[in-house]
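A.B. asks: no sequence for this one, just the structure:
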Ligand SMILES: Nc1ncnc2c1ncn2[C@@H]1O[C@H](COP(=O)(O)OP(=O)(O)OP(=O)(O)O)[C@@H](O)[C@H]1O
């Protein structure tokens with residue numbers, strides 16, 4: 001296998017008679033921002049879940065930073081340097097922004113025993129505050145997450161994925177439901193983070209403008225298979241891609 005941050009080899013996954021992912025292979029190199037797009041039901045989430053070890057593929061193999069991903073617990077993925085956001089918000093509404101981000105950091109630090117009996121902070125507040133500043137959420141730091149606008153909660157969600165300085169971040173529809181102003185802010189912050197830290201991103205996204213402006217390379221899925229791969233400009237003018245979306 002290569003020394004890619006993420007290496008996906010011949011992944012297939014079916015649900016009964018539905019071939020959700022068909023023989024998909026690709027590599028993602030350090031610092032790349034890869035977009036994974038495709039019409040509804042094209043297999044993006046299934047592929048993501050195979051990459052994250054949450055679904056066991058019928059065939060194929062995934063490696064993250066050279067380590068094979070099997071059925072892996074989230075904490076082990078964190079140790080491999082993987083952060084993620086979810087399609088649905090994963091913030092706890094009754095906790096402050098700061099506590100939500102600290103809690104995400106605790107997922108990365110040791111097991112339950114060290115969380116319960118170890119040092120109460122372990123530098124997490126400082127790290128959380130740095131991310132709060134980076135995502136320009138200082139004025140909301142001590143607010144209950146549930147009182148924030150949806151777009152602000154998506155920013156908190158993104159900040160949570162960056163605790164413990166991951167080398168690979170999987171973003172599942174980060175732009176979903178976010179208004180235009182917040183969208184520009186989110187994209188700019190993600191670009192800046194990628195530039196400053198060399199973090200690799202894989203992004204599932206339906207918002208074409210967002211994905212085309214954020215990503216350096218795009219893979220298009222249709223009916224579970226890769227139908228195109230290239231720069232945003234190449235993808236925009238690819239007839240097979242246009243047909244897949246019009247038919248989808
Ligand atoms: N747990 C499951 N059981 C049965 N079928 C499933 C399951 N998960 C996904 N599928 C089917 O697999 C196919 C791919 O679904 P998937 O959710 O991966 O697509 P997607 O590209 O992420 O779609 P969307 O953009 O709508 O989120 C679809 O036909 C879907 O109905």
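C.D. replies: Perfect, thanks for sending it. Model, not experiment: these values are computed from the prediction. Numbering: from 1, shown residues only.
A.B. asks: CA only for contacts and neighbour counts going forward, please
C.D. replies: Will do.
A.B. asks: list the buried residues in the helix of greatest length in the chain.
C.D. replies: Counting residues, the longest helix in the chain under DSSP state H turns out to be helix 180-197. Under the neighbour-count criterion of 16 or more other CA atoms under 10 Å, helix 180-197 has 182-183, 186-187, 189-191, 193-194 buried.
A.B. asks: which one of these sits closest to the ligand?
C.D. replies: Nearest to the ligand out of the buried residues of helix 180-197 is residue 183 (CA to the nearest ligand atom; 19.2 Å).
A.B. asks: shaky segments in this protein?
C.D. replies: 1-3, 71-75, 108-122, 247-248 (pLDDT under 70).
A.B. asks: quick one: name the residues of it near the ligand.
C.D. replies: 15, 20, 39-46 (CA under 6 Å from any ligand atom).
A.B. asks: out of the residues you listed, the closest to residue 221 would be?
C.D. replies: residue 42 (5.8 Å; CA to CA).
A.B. asks: list the contacts for that closest one?
C.D. replies: 20-21, 221-225 (CA atoms under 8 Å, 6 or more residues apart in numbering).
A.B. asks: so where does residue 20 fall, helix or strand?
C.D. replies: Using DSSP states H and E, residue 20 sits in strand 18-28.
A.B. asks: list the buried residues in that strand.
C.D. replies: 19-25, 27-28.
A.B. asks: which helices and strands sit right next to that strand?
C.D. replies: Counting contacts by 3 or more CA pairs under 8 Å, 6 or more residues apart in numbering; DSSP states H and E, strand 18-28 packs against strand 6-15, helix 44-51, strand 225-230.
A.B. asks: Provide the strand pairings for that strand, with the direction of each partner.
C.D. replies: strand 6-15 (antiparallel) (DSSP bridges).
A.B. asks: quick one on the thing from earlier: please name every helix or strand in contact with the longest helix of the chain.
C.D. replies: Short answer (3+ CA pairs under 8 Å, 6+ apart): helix 180-197 packs on helix 150-161, helix 208-214.
A.B. asks: now the angle from that helix to helix 150-161?
C.D. replies: 20 degrees (axes from the mean of the first three to the mean of the last three CA atoms, to 10 degrees).
A.B. asks: who's in contact with helix 180-197?
C.D. replies: 31, 33, 134-135, 151-152, 155, 175, 199-201, 210, 214.
A.B. asks: ok, now stretch 25-36?
C.D. replies: Stretch 25-36 is contacted from outside by 4-11, 44, 194-195, 198-205, 211-212, 214-221, using CA under 8 Å, 6+ apart.
A.B. asks: before we move on, the earlier item: which one of the residues of the chain next to the ligand has the most neighbours?
C.D. replies: In terms of neighbour count, residue 44 stands highest of those at 26 neighbours, by other CA atoms under 10 Å.
A.B. asks: check contacts around that residue.
C.D. replies: 36-38, 204, 221, 224.
A.B. asks: what's the farthest-apart pair in those?
C.D. replies: 204 and 224 (14.2 Å).
A.B. asks: and after the strand holding residue 20, which helix or strand comes next?
C.D. replies: Counting by DSSP H and E, the next helix or strand C-terminal to strand 18-28 is strand 33-37.
A.B. asks: now the angle from that next one to strand 18-28?
C.D. replies: 160 degrees.
A.B. asks: burial of residue 218, as a residue count?
C.D. replies: Residues near residue 218, counting by other CA under 10 Å: 25.
A.B. asks: so residue 245 sits against residue 38, correct?
C.D. replies: Yes. The criterion here is CA atoms under 8 Å, and residue 245 meets it with residue 38 at 7.4 Å.
A.B. asks: pick the most buried one from the helices and strands packed on strand 18-28.
C.D. replies: helix 44-51 (a mean of 22; mean count of other CA atoms under 10 Å).
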